[in-house]
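In: got a predicted structure plus its sequence, pasted below:
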Amino acid sequence: MEDAPEQIQRMLESLFRHTGAVTRLDVILRAEEMDLPHDALRIMALLPPGTYTRSRLCDQMNSAIVAHGLNRLLGTHD
């Protein structure tokens, strides 16, 4: 079974496989579809509305992960 950081990484690969930008709603829907853990879903819900490149999305997610003290559980991503 994959741990949360691996699940998030797989979600990122899936989101950006065929596009260079996604919306906050795209991220939340994909996270729910992939049945990410509750803490990961909570982080996705904290993202500000907007359109994200992979780099910008990872920066936003990593900031929220660290700010909520979840970096040991969820890891950081690029």
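Out: On my side now, so go ahead. In this text the structure is predicted, and so the values were computed from the model without any measurement.
In: and the helices in the chain?
Out: With DSSP state H, the ranges of helices along the chain come out as 4-15, 24-33, 38-45, 54-67, 71-74.
In: redo those helices as TSV? Include mean pLDDT and mean neighbour count.
Out: For glycine as for every other residue, the C-beta is placed from the backbone atoms N, C-alpha and C. Output for those, formatted as TSV (pLDDT from 0 to 100; neighbours: other CB atoms under 10 Å):
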stretch	mean pLDDT	mean neighbour count
helix 4-15	96	16
helix 24-33	97	15
helix 38-45	96	16
helix 54-67	97	16
helix 71-74	92	15
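In: just give me the neighbour total for the residue lying closest to residue 54 once chain neighbours are set aside.
Out: Among residues not flanking residue 54 along the chain, residue 16 sits closest, at 4.8 Å (CB to CB, 6 or more residues apart in numbering). Counted with other CB atoms under 10 Å, the neighbours of residue 16 add up to 15.
In: from residue 73, how far off is residue 16?
Out: 23 Å (CB to CB, to the nearest Å).
In: got it, and residue 38?
Out: 11 Å.
In: thanks a lot, see you next time.
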